[in-house]
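Participant: Okay, predicted coordinates and the sequence, questions at the end:
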There are 2 protein chains.
Amino acid sequence: MVQLTLIAVGSLKESYLREAAAEYKKRLSAFCKLTEIELKEHKLPEDPTEKEIASALSAEGKEILAAVPPKAYKIALCVEGKRFTSPAFAEKLGEIFARTGEVAFIIGSSHGLSEEVKQAADLSLSVSDMTFPHQLFRVMLLEILYRSFQIRRGGKYHK
Amino acid sequence: MVQLTLIAVGSLKESYLREAAAEYKKRLSAFCKLTEIELKEHKLPEDPTEKEIASALSAEGKEILAAVPPKAYKIALCVEGKRFTSPAFAEKLGEIFARTGEVAFIIGSSHGLSEEVKQAADLSLSVSDMTFPHQLFRVMLLEILYRSFQIRRGGKYHK
């Protein structure tokens, strides 16, 4: 069974998002071993400067890279990444699983991801040109993963 | 206050998605009068043919168009639509509100929208190349609307 690690900066504060995530994790357990790692968002002052944001992202980035399992294929979620349709992403995941059974997905904080993390990623994935809150985005990613496994299995979930 | 109508085919079955939608509707009440209209999804047999799907979409489409307030600017959500960043969409909404205070957003069923609805729309909006379940997508759209109002107000929600 493939091992997925979801590394996210910030926690799921809203109970309805925790419930949504729990439901997807239950469904995903049929397809993979999923580990979630929540890192603390670095606190920023009101109206942070560019430099303060960069410094927080850099510190978060170091913790992210330290949390990635050593042999995992790293997929960073960022708006400037590559776009896939659902079937194309399911196929891409299949290609990755053919090479390695360990994949890490990285979701940044509300300010995004540091350049170091983007450079270290094996693939940058863009889901939308629009910005979503990182909490809701985590549920969207779990849905994307669940749909990918369903497409690979040939289920009727994806019509 | 602008009047938004959200027309969706299918209901929010999961309690956590209803809670998420309720939270966004509460937040949106500061910015607009939002009316939700849920239409029934037309039942399809197992493994429907193309013709059966087209017939269900056409029937749903007629109900959708009948539900749109007569003077509303119509925005259809579909994968082949136009893409916007969050600030660009906030600006677009501002342009629309300058012309009319009534906007209808249309979310189709899991099979999408009929050609009639797409043709009748004033704008087709694509949020992602990936497919999301229409229930989760409704929450994503409410988030997009809330973010747009926050951007227009100059709030700190969108960083």
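Facilitator: Perfect, I can see it now.
Participant: quick one, longest helix in chain A?
Facilitator: The helix that spans the most residues within chain A, counting by DSSP state H, is helix A:134-153.
Participant: between that one and helix B:134-153, how big is the angle?
Facilitator: 150 degrees (axes from the mean of the first three to the mean of the last three Cα atoms, to 10 degrees).
Participant: what's the model's confidence in helix A:134-153, averaged?
Facilitator: Helix A:134-153 shows a mean pLDDT of 96.
Participant: May I see the buried residues of it?
Facilitator: Neighbour counts over helix A:134-153 (16 or more other Cβ atoms under 10 Å in any protein chain shown) mark A:134-152 as buried. Glycine gets a C-beta too; all of them are placed from N, C-alpha and C.
Participant: Can I get that helix in PDB, CA atoms only?
Facilitator: Presented in PDB, the C-alpha positions along helix A:134-153 are these (Å, rounded to 0.1, in the frame of the first residue of the first chain):
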ATOM      1  CA  HIS A 134      -5.300  26.700   3.600                       C
ATOM      2  CA  GLN A 135      -7.800  24.900   5.900                       C
ATOM      3  CA  LEU A 136     -10.400  24.500   3.100                       C
ATOM      4  CA  PHE A 137      -7.700  23.700   0.700                       C
ATOM      5  CA  ARG A 138      -6.600  20.700   2.800                       C
ATOM      6  CA  VAL A 139     -10.100  19.200   2.400                       C
ATOM      7  CA  MET A 140      -9.900  20.000  -1.400                       C
ATOM      8  CA  LEU A 141      -6.600  18.100  -1.600                       C
ATOM      9  CA  LEU A 142      -8.000  15.100   0.200                       C
ATOM     10  CA  GLU A 143     -10.900  15.100  -2.200                       C
ATOM     11  CA  ILE A 144      -8.400  15.300  -5.200                       C
ATOM     12  CA  LEU A 145      -6.500  12.300  -3.700                       C
ATOM     13  CA  TYR A 146      -9.700  10.300  -3.200                       C
ATOM     14  CA  ARG A 147     -10.900  11.000  -6.700                       C
ATOM     15  CA  SER A 148      -7.500  10.000  -8.100                       C
ATOM     16  CA  PHE A 149      -7.600   6.600  -6.400                       C
ATOM     17  CA  GLN A 150     -11.200   6.100  -7.600                       C
ATOM     18  CA  ILE A 151     -10.200   7.000 -11.200                       C
ATOM     19  CA  ARG A 152      -7.300   4.600 -11.000                       C
ATOM     20  CA  ARG A 153      -9.600   1.800  -9.800                       C
END
